[in-house]
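Visitor: Sharing a sequence plus its predicted fold:
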Amino acid sequence: MSPQVNVSGQTLVSSQKQYVTRRFVGSVKLASSTFDVVCNTNALPDGCKVLKVVAKNLDGRSLTLTVPTNTALITSDTNGGTTAPFGGIKKMVSAPYTRFPTIKVQIPDLLAAPVDAANSTLPLFTVGSFLSGSTDTVQLTYTVRYAL
């Protein structure tokens with residue numbers, strides 16, 4: 001049995017942008033217990049909006065993630081100022097030896113700012129460990145949305 005579909009009529013031309021939602025996975029090595037993630041750390045597509053970040057410590061048992069008030073992840077205020085519409089985020093988690101400590105940060109689509117790889121000095125967030133001098137490996141999974 002071979003199914004068949006017949007379509008008749010005119011095709012519509014759409015002028016709307018087509019958006020794609022993808023996941024990108026990268027890893028960073030902590031240097032003296034912290035690492036500042038900037039716009040071009042894990043080669044995200046230029047102009048994408050980061051909707052979700054999942055950080056997972058693959059070596060250690062603790063993890064911190066700090067999103068500063070001047071982050072490039074979130075749009076600045078509507079009055080043209082440079083202050084972000086929130087006071088920053090700091091999450092900390094620890095896990096037993098049978099699990100990897102994991103932190104998730106979700107950003108609404110309307111607040112997410114397009115990431116520009118040319119502005120590589122703008123901070124996105126900082127990952128770290130409770131232990132000073134820790135050199136753990138942290139896996140970062142980004143859920144991004146961008147126009148084709």
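Guide: Received it, and whenever you're ready, just let me know what you need.
Visitor: any idea which element Lys91 lies in?
Guide: With secondary structure defined by DSSP states H and E, Lys91 is part of strand 89-94.
Visitor: residues making contact with that strand?
Guide: Residues lying outside strand 89-94 but in contact with it, judged by Cβ atoms under 8 Å, 6 or more residues apart in numbering, are 61-67, 101-103, 105, 130. All C-beta atoms are positioned from the backbone trio N, CA, C, and that covers glycine.
Visitor: Out of these, which sit inside helices?
Guide: Among the contacts of strand 89-94, no member falls in helices (DSSP state H).
Visitor: Export only the CA atoms of the strand holding Lys91, formatted as CSV.
Guide: As requested, the backbone C-alpha atoms of strand 89-94 are provided in CSV (Å, rounded to 0.1, in the frame of the first residue of the first chain):
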residue,chain,number,x,y,z
ILE,A,89,20.5,36.1,39.7
LYS,A,90,22.7,33.9,41.9
LYS,A,91,22.0,30.2,42.2
MET,A,92,24.0,27.7,44.2
VAL,A,93,23.5,23.9,44.4
SER,A,94,25.4,20.9,45.7
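Visitor: Surely Val67 touches Gln106?
Guide: No: counting by Cβ atoms under 8 Å, no contact exists between Val67 and Gln106, whose distance comes to 11.4 Å.
Visitor: The two - which one has more neighbours?
Guide: Neighbour totals were compared for Val67 and Gln106, and Val67 leads with 22 against 11 (other Cβ atoms under 10 Å).
Visitor: where in the chain is pLDDT low?
Guide: For the chain, the stretches with pLDDT under 70 are 1, 11-14, 76-87, 119-120.
Visitor: What's the local residue count around Gly26?
Guide: Residues lying near Gly26 (other Cβ under 10 Å) number 14.
Visitor: Let me know the helix or strand that it is in.
Guide: Taking DSSP H and E as the definition, one finds Gly26 inside strand 19-29.
Visitor: in its sheet, what does that strand sit against?
Guide: According to DSSP bridges, strand 19-29 forms sheet pairs with strand 137-147 (antiparallel).
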